[in-house]
Structure formats: structure tokens, C-alpha cells
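Asker: here is the input, now give the coordinates:
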Amino acid sequence: MKRLLILFGFLSIVQWTHAQEMLGIRPSNYGGLQTLGLNPALMANSRLNTDINLISWGITFENDFMYIPKEDLKFFGFGTISDKAENKDYLDVFKINEKDETYSLAFGQTFMGPSVMFSIKNKHMFAITTAARSYITTDGVQGHVGKYAVEGLGYDPLHGQTFHAQGFQFNLLSWLEYGLSYSTVLTQNDKGALSGGVSLKLLQGVGSGYVKNIDAYYNVLNESQAGENDTMAFSPEGQHSYGEYGRTDYNSFKNAHGYGDFINGNGFGFDIGFTYDILKDPVTWQYEMDGETRIDPTVNRYKIRFGASLLDVGKIKFNQNSGAFKLETNSPVYYVNWSEDEFENNTDFDTTFSNIFYGDPNASLQSTSYTMALPTALSLQVDWNVQKRWYINTSLIYGFQNSGPGIDRPLMVAFTPRYESPVLEVSLPVSYMDYSGNDMRIGLAVRVASFFVGSDKMGTMLGLKDMYGMDFYAGLKWSIGKTKPADRDGDKVSDAKDKCIDVAGLWKFEGCPDRDGDDVPDAIDECPDVKGLVALNGCPDRDGDGIIDMRDTCPDTPGIAEFFGCPDTDGDGLRDLDDDCPTVAGLLIYQGCPDSDNDSIPDPKDDCPFAPGPLSNKGCPVKVEVAAPVTAPEIVQLTAEEQEIVNKVFENLQFETGKSIIKSSSFESLDKLAELMNNKPAFKLLIEGHTDNVGSDASNMALSQRRAKAAKDYLVKKGVDASRITSKGYGESKPVATNDTPEGRQKNRRVEFTIR
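Answerer: Numbers count the residues shown, from 1 in each chain. Got it, this is the predicted structure:
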């Protein structure tokens with residue numbers, strides 16, 4: 001005959017997934033997808049860039065009234081459990097504490113299917129997850145109920161006693177979950193960083209069950225006690241008995257042909273969390289790359305991390321193959337031949353008890369749907385980076401109590417020291433769970449690269465103590481850690497943007513070098529090892545003449561390109577290095593020296609540079625005395641009008657100071673004189689130049705000659721025959737006034753015109 005496990009019947013017909021805390025791996029900076037179960041905000045600062053879960057699994061069980069003696073445990077208690085479960089005799093092995101008090105139980109298993117976590121620009125973290133999850137919790141289990149549940153209703157020591165069952169709660173929830181998670185750093189500075197994360201979940205209910213509001217009287221009688229057939233009596237003395245339960249028809253799975261046949265409900269859920277990091281000195285976690293300050297994702301940057309999260313908020317409505325039932329009576333109700341009945345399925349169970357309580361197989365059914373809440377919990381975490389790769393994590397998971405059907409997550413407090421690195425991680429979680437019989441749990445978890453294995457309760461796993469509970473988890477993933485951009489030449493320009501990938505350079509030159517630091521990259525710097533000017537392609541120009549030093553024959557003296565950077569101070573077409581008179585414009589034939597008197601002797605070698613003379617007389621004129629008859633010059637008698645023209649020329653003729661250049665204001669009077677000369681071809685003109693006594697005799701003589709000649713040249717250009725004009729210069733030899741006053745000197749500076 002089947003055992004009639006009225007309140008624990010669901011335990012043997014469902015697989016449990018989820019409720020696995022994985023204390024040894026979830027707080028880790030390399031936990032990746034597993035951190036979502038603790039706080040979705042932890043993804044934001046994960047050291048993993050990509051995390052692909054191939055398979056991860058875990059199992060957990062905690063209670064305070066059933067156990068396996070340690071002497072019956074094999075090394076790693078799974079051996080005992082698996083052997084007994086295969087033979088369906090595990091209830092014979094588990095022992096029950098005889099104390100007459102209430103007990104609790106939680107059982108679960110974790111399975112995460114194909115899932116992926118990835119980052120975008122090391123700032124935005126996303127995860128797509130699949131999981132099968134379930135949870136079973138019982139609270140308020142009285143000793144007599146536990147005995148019957150384990151031993152069966154044929155347990156004679158309890159027969160014939162009337163028991164009052166009350167306060168008992170049972171909840172089972174199994175579902176598939178498809179999640180989309182996002183996490184990022186919300187705000188940060190050099191002192192701290194606030195991160196946030198959220199997971200949105202699409203839920204598909206597979207199986208569920210609940211028992212609540214139990215307040216019932218019952219006793220179980222065997223044939224000798226009942227007088228005939230075995231009988232189970234509810235409210236045997238007319239007491240009020242009441243109870244509610246709901247369930248999914250698990251037997252319908254036997255006829256399942258496809259995925260949809262397993263789905264009996266739908267719902268939505270979410271997790272939300274935040275972390276705040278108190279950061280270390282930025283020098284330890286910042287670096288320069290591509291012209292900006294960045295966060296190094298490969299190192300830990302926080303001293304202390306505070307976290308808070310709200311987990312598993314949501315509900316699933318079961319409306320396929322499901323029912324909610326109520327049993328209630330105020331008079332004795334008898335179930336005869338309980339020891340012989342076998343139930344074909346859940347519906348058989350429901351209709352049997354409905355008939356017993358109401359005389360109607362369908363009267364107990366209250367609804368064909370009901371809603372169950374997820375195991376909602378508040379989680380608080382503190383993670384302290386003690387030193388380098390050593391951390392201590394403290395976590396609290398506080399489960400909220402549901403008023404209706406739903407999973408009540410047990411309270412858990414954990415203290416977990418750990419060592420973590422990209423390749424190896426070891427943690428030792430120490431935890432307390434309020435289903436654990438007030439025992440402290442000590443665990444061990446190890447991660448090697450992307451494989452992890454651990455237990456939050458190693459004592460019973462190793463057979464060191466009686467097994468009131470157990471915990472084990474393992475996973476195989478494929479993970480890629482976050483990295484800094486590759487920088488082969490170490491110049492703080494990433495290889496992806498470095499145009500000189502094997503030579504250290506500067507960001508402003510896209511990674512190409514500027515050895516001399518003159519803001520001209522070496523690739524176009526004509527002088528890459530000498531600091532120069534941008535305008536000159538990186539070459540220096542010490543004298544600032546626009547000619548680079550390596551092409552400048554005179555690099556320390558400003559010059560011109562015509563002479564390769566050497567100067568020509570007097571502008572006579574001969575560079576100063578080759579010019580015998582570098583400050584006075586001269587002639588090439590005289591090595592840049594002038595010949596002021598046009599006597600073919602350069603001035604430096606001419607003793608009389610302003611008076612023509614032969615070389616034999618050192619450039620000075622030779623005085624020759626020739627006796628000539630003294631004749632009075634023939635004076636032409638001019639008309640008053642003609643004389644006025646001559647006078648105007650005398651009055652208006654002006655030169656630029658110290659030069660023989662006629663000012664334009666004198667052109668009009670000279671033009672009239674030229675017109676007169678052209679109209680009177682018989683006229684001849686004597687032009688005589690005079691100066692004051694300022695300056696040397698020679699220079700005054702030369703200036704007077706040049707000025708007289710300048711007046712002659714102007715008239716010749718106006719058509720007057722040069723043979724009709726005689727120009728002479730007398731220097732300061734013929735003053736007409738004193739040279740002691742400005743007025744007198746002005747009168748002496750004159751050019752006289754005489755028509756003959």
C-alpha cells in the first residue's frame with residue numbers, strides 16, 4: 001500500500017531547483033553570473049568582461065528534526081543519500097528527534113542553464129539567464145505530524161491518541177525563469193562609486209503546492225483499536241477542524257509530450273540592488289590611455305563595498321492542472337480502511353477527502369487557480385578588501401513572510417573570508433541559518449579559472465557530524481576577464497589607435513614619437529633629434545631668419561635665402577662675408593664697395609672719393625694750370641618773363657636731405673625751364689651747385705656736383721640737348737652768406753641757373 005503522507009506527500013514527487021545561496025562564490029569579483037543571486041548591482045564592477053554559464057548546479061537541505069547519524073554517512077554524504085533514494089528507503093534511514101515541539105525544513109537545489117553576461121565599453125553590463133528554480137519550506141511541524149510523515153500512518157506508538165494539529169505551513173514552488181539583467185555605475189568620483197542593477201524575469205510555473213491555516217483534530221486507529229477496520233478520525237469528539245491546501249496535478253507530467261505540457265502557470269518577477277564603494281587612492285586604480293584618465297578594470301579599487309538588494313519580488317499564477325481546496329468540519333469524520341487505499345493520482349486524493357468531509361467528491365475544490373509568491377528577501381552585504389587579494393564578506397539575507405501561499409525564505413547570516421585572483425579563488429564561508437538547529441555552518445569553496453566547486457556546510461559532507469542538512473554546488477563556465485586596451489609599446493596609446501604600434505609615442509600624434517619634443521612628429525620632422533619649429537618641419541632656426549640651421553651658412557646671424565642664410569646688410573647683392581664694404585651699397589666689381597665719383601676707383605682706395613681723379617693720383621683730381629684769355633662771359637639778355645622762369649627754378653628747386661634726389665614739388669618750375677630751352681635753341685645753360693660748410697669738403701663737393709648733375713639730367717629727359725647744359729659743383733667754396741646761422745647756411749645750399 002502507498003504511504004499516505006498527507007502533509008509531506010509532495011516531497012517525493014518533485015525536483016527542487018534554486019534556494020542555493022552559494023556563499024563561497026557569489027560575493028566574488030569573479031563570480032560573474034552567480035553574483036546575480038546576491039545583488040544584480042555586483043555585475044557593474046565585475047572583473048569579468050564575458051561570463052558564459054555552461055552548467056552550474058547545487059543542492060541544499062536544512063531542518064531541525066530529521067538527521068542521518070554520522071556513523072551511517074559515507075565520505076561526502078551524497079553517497080548515503082543517493083543510495084537510499086535509489087531504493088526509495090531514505091525515510092527509514094532518517095531519524096526523528098523525539099521532542100514534542102515544532103520543527104522546520106527547507107530543501108532546495110540550484111540549476112542554471114545556458115546563460116551569458118557581457119559588457120559594453122566596460123561600463124554597461126548585461127546578462128541573459130535561464131534557470132530552473134524551486135523551493136520547499138515547512139514551518140510549525142509538530143512532533144506527531146513529523147512522526148507520521150516519516151514513519152507512515154502505520155506507526156503504532158501514536159495510534160489511539162487524539163492530536164491537535166495547528167500552525168503547520170507547507171509551501172512548494174518550482175518554476176522556469178528567463179532573466180534579463182542590467183547593471184552600471186550610476187555616479188562616481190575619486191572617493192566613492194554608486195552602482196545599480198536590476199533583473200527582470202519571465203516566470204513559467206511548473207509545479208507548486210501549499211498547506212495553510214491548519215487547525216484540526218485527528219487520531220489514527222488500527223483494526224484492534226477501532227474494533228474492525230483501520231480508521232482515521234477527524235474531529236473525533238466534534239471539535240472544529242479546518243485546513244486549506246492547493247496543488248498542481250503532478251501526475252499530468254506522465255502524459256507530457258512537449259515543453260508546453262510542463263507549464264502550469266505564468267508570472268513576472270524582478271531583483272533590484274545597489275552597491276556603494278569607498279574607494280582607495282585613485283593612483284592604485286586609474287591609468288592614462290588615449291588621452292583620458294580611465295579606470296583599470298583588472299584591479300580592485302574599493303576598500304569597503306556596501307550592498308543592498310531586494311531579491312525575488314514577484315508571483316506566479318497557476319491556472320493549468322491546478323486547484324485550491326478547503327477541508328472543514330464540526331462533527332466527527334471517519335476515514336475507514338485508510339491502510340488499504342491506494343491513490344491513483346492527485347485527483348483521486350482530492351475527491352477521496354472531499355467525500356470524507358462533505359460527502360461530495362467536488363465540494364472541497366474552491367478554485368482552479370491560485371497565486372504563489374516567490375521567496376522575496378532583503379539582502380545586505382559588506383565586502384572589505386583587507387589587503388591586496390584578501391577579502392572578508394558579511395552578508396545578511398532576510399526573507400519576508402508571505403501572508404498567502406508562497407515561499408518563506410529562511411534567515412541567513414554569513415561571514416566569508418576569501419582569497420581571489422583571476423585564476424584561483426578560495427573562500428571559507430561561516431554561516432547561520434534559522435533552519436539549521438542553531439548550528440554554525442562552516443564551508444569551503446574553490447574556483448580554478450572558470451570551474452568552481454564548494455559547500456556552505458562541509459561538516460556533514462565529510463561525515464564529521466550528524467547530517468541535519470547539507471549543501472553542495474559546482475559549476476563549469478567560460479569566462480573572459482576584463483582587460484585594459486593593448487599597448488604594445490607602452491606609450492599610453494592603445495594599439496587599436498596607435499599608428500606607430502612598435503615605437504613609443506604621444507597620444508596627440510596618434511602614438512607616433514616626437515623624440516625632440518618640438519610638437520612635430522618624427523615621421524615628418526626633418527630634424528627629429530633637435531628641437532625645432534613647427535613652421536620649419538621641426539628644424540631649429542637660431543637666428544630667426546626663416547632658414548633652418550642645417551641649411552644656414554650663417555646660423556647665428558639673420559640672413560636671406562639667396563645667400564643660404566647669410567646677410568647682405570647693404571643690399572648690394574653681395575653677402576657680408578664677401579663684401580669689403582658690408583654696410584655701404586657698392587658694386588660687385590669692387591667687392592661691394594661704392595665708387596662715388598665714378599672714377600673707377602672704389603671709395604676705400606680713393607683718397608678723394610667724391611672728386612674724380614686718376615689712379616696715379618690716388619683718385620684725386622690733377623690740378624692743371626692753363627693760361628687762358630680772360631673773357632667776360634656772354635650774358636644773354638632775357639625778357640622779364642624768361643627771367644621769371646629762371647628765378648622760379650632757383651627759388652623752388654629742392655632736394656631730399658643729404659641726397660641728390662629732386663623733390664616732386666620742383667618739377668613744375670623745371671618743366672617750364674625745359675620748355676624755354678627747347679623754344680630757344682640758341683640758349684645755353686650753366687647749372688652750378690653749392691653747399692654749406694656742414695660736413696667734409698670732399699663730401700660737400702661731391703653732393704654739389706651730384707645735385708647740379710641731377711638738375712641737368714632732368715632737363716635732358718625733357719628734351720634739352722645735353723651739349724647745351726653745363727653742370728658744375730663748388731661745394732662750400734662759394735658761400736653767399738655766413739655759415740654761422742641756419743638762415744645763412746640755407747642760402748648757401750643752392751643751385752644757380754645761368755642762361756648764356
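Asker: ok, residue 186 to residue 197 distance?
Answerer: To residue 197, residue 186 is 10 Å away according to C-beta to C-beta, to the nearest Å. Glycine gets a C-beta too; all of them are placed from N, C-alpha and C.
Asker: more neighbours: these two, which one.
Answerer: residue 197 (26 against 15; other C-beta atoms under 10 Å).
Asker: next one, pLDDT for the more buried one please.
Answerer: Note on residue 197: pLDDT of 98.
Asker: paired strands for the helix or strand where it lies, with orientation please.
Answerer: Element membership of residue 197 [criterion: DSSP states H and E] is strand 192-221. Strand pairing for strand 192-221, using DSSP bridges, gives strand 163-166 (antiparallel), strand 169-188 (antiparallel), strand 231-234 (antiparallel), strand 241-248 (antiparallel), strand 265-279 (antiparallel).
Asker: quick check: phi and psi at the residue nearest to residue 619 when sequence neighbours are not counted.
Answerer: Leaving aside its chain neighbours, residue 619 sits nearest to residue 606 (3.3 Å; criterion: C-beta to C-beta, 6 or more residues apart in numbering). Main-chain dihedrals, residue 606, degrees, to the nearest 10: phi -110, psi 120.
Asker: which residues touch residue 521?
Answerer: The neighbourhood of residue 521, defined by C-beta atoms under 8 Å, 6 or more residues apart in numbering, consists of 505-506, 509, 512-514.
Asker: check residue 187 too.
Answerer: Contacts of residue 187 (C-beta under 8 Å, 6+ apart): 193-194.
Asker: surely residue 283 is in a helix?
Answerer: Yes - Residue 283: assigned to a helix according to DSSP: H, G, I helix; E, B strand; the rest coil.
Asker: residue 191 versus that one, what's the distance?
Answerer: Taking C-beta to C-beta, one finds residue 283 at 14 Å from residue 191.
Asker: where does residue 582 fall, secondary structure wise?
Answerer: Going by DSSP H and E, residue 582 is not part of any helix or strand.
Asker: list the residues that contact the closest residue to it other than its chain neighbours.
Answerer: Closest residue to residue 582 apart from its sequence neighbours, by C-beta to C-beta, 6+ apart: residue 576 at 4.0 Å. When contacts are counted by C-beta under 8 Å, 6+ apart, residue 576 touches 566-569, 582.
Asker: low-confidence ranges, the stretch 151-300 of the chain, go.
Answerer: 252-258 (pLDDT under 70).
Asker: now for the protein, the helix or strand with the poorest mean pLDDT.
Answerer: helix 90-93 (a mean of 42; mean pLDDT, DSSP states H and E).
Asker: measure the residue nearest to residue 582 to residue 548 for me?
Answerer: On the measure of C-beta to C-beta, residue 576 and residue 548 end up 20 Å apart.
Asker: please apply the same query to residue 744.
Answerer: From residue 744 to residue 548 the distance is 58 Å (C-beta to C-beta).
Asker: repeat that for residue 443.
Answerer: 75 Å.
Asker: when the two are compared, which one has more neighbours?
Answerer: residue 443 (25 against 21).
Asker: please name the residues that touch that one.
Answerer: Applying C-beta under 8 Å, 6+ apart, the residues near residue 443 are 23-24, 427-431, 454-458, 471.
Asker: got phi/psi on residue 36?
Answerer: phi -60, psi -30.
Asker: which ones are touching it?
Answerer: So residue 36 contacts 42-43, 127, 129, 179, 181, 199, 271 (C-beta under 8 Å, 6+ apart).
Asker: format those as a markdown table; extra columns: neighbour count and distance to residue 104.
Answerer: Output for those, formatted as a markdown table (neighbours: other C-beta atoms under 10 Å; distance: C-beta to C-beta, whole Å):
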| residue | neighbour count | distance to residue 104 |
| --- | --- | --- |
| 42 | 29 | 30 |
| 43 | 29 | 33 |
| 127 | 24 | 33 |
| 129 | 21 | 30 |
| 179 | 21 | 29 |
| 181 | 24 | 32 |
| 199 | 24 | 28 |
| 271 | 27 | 25 |
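Asker: closest to residue 117 out of the strands paired with strand 192-221?
Answerer: When these are compared by C-beta to C-beta, strand 169-188 sits nearest residue 117, at 7.8 Å.
Asker: give me the buried stretch members for that closest one, please.
Answerer: 169-177, 179, 181-185 (16 or more other C-beta atoms under 10 Å).
Asker: can you map out the helices along the protein?
Answerer: Counting by DSSP state H, the segments of the chain that form helices are 78-86, 90-93, 143-151, 223-226, 346-358, 458-461, 640-652, 667-679, 697-717, 742-748.
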